[in-house]
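*Asks:* Quick check, what structure comes out for this input:
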Amino acid sequence: MIANSMLVINTVNDRNKLWTGALIFLVTCEFALLLTYSINATQDNNFSSLASKTPLDIDKAMNVVVLVADLALAGSLVILLHRKRSPFYETNSVIKTITAYTIATSSVTVVISMIALV
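*Replies:* Have a look, this model is predicted:
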């Protein structure tokens with residue numbers, strides 16, 4: 001996930017510095033929250049005590065950040081792929097396939113994040 005995020009961010013960097021900064025911020029927040037949650041989870045042998053141990057609702061914050069970051073990264077990737085279309089049928093076919101795959105995988109992650117928030 002992080003490697004794919006960095007690839008999209010590096011490509012976006014060529015065009016829009018503000019959007020690049022926002023994507024880097026989202027991915028960094030996602031990583032920091034995941035690290036915090038993992039540290040809290042590994043301190044106990046019992047996961048049932050983890051719910052009472054997270055006063056800032058790290059799990060909900062993590063789901064919100066994952067939701068926003070996945071939407072932003074998928075949207076950026078779809079826009080970048082759309083801009084790279086060419087007059088060649090084979091190239092456009094590959095770009096359409098990658099775009100469909102991007103939308104499918106990110107929508108699954110977004111739906112799961114929304115369900116986890118409820």
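
*Asks:* Please, where are all the helices along this protein?
*Replies:* Assigned by DSSP state H, the chain shows helices spanning 2-13, 17-42, 50-53, 58-83, 89-117.

*Asks:* Would you mind checking the average pLDDT for the longest one?
*Replies:* Read it as helix 89-117. The average pLDDT within helix 89-117 is 87.

*Asks:* Who are the packing partners of that helix?
*Replies:* helix 58-83 (3 or more C-beta pairs under 8 Å, 6 or more residues apart in numbering; DSSP states H and E). No exception for glycine: its C-beta is placed from N, CA and C like everyone else's.

*Asks:* what helices or strands is the helix it packs on leaning on?
*Replies:* helix 2-13, helix 17-42, helix 89-117.

*Asks:* For the residue nearest in space to the middle of the chain, list the residues it contacts.
*Replies:* Nearest to the mean C-alpha position of the chain, by C-alpha atoms, centre = their mean, lies D70 at 3.0 Å. Neighbouring residues of D70 by C-beta atoms under 8 Å, 6 or more residues apart in numbering: S106, T109, V110, S113.

*Asks:* Could you single out the nearest of the residues you listed to I39?
*Replies:* S113 (21.2 Å; C-beta to C-beta).
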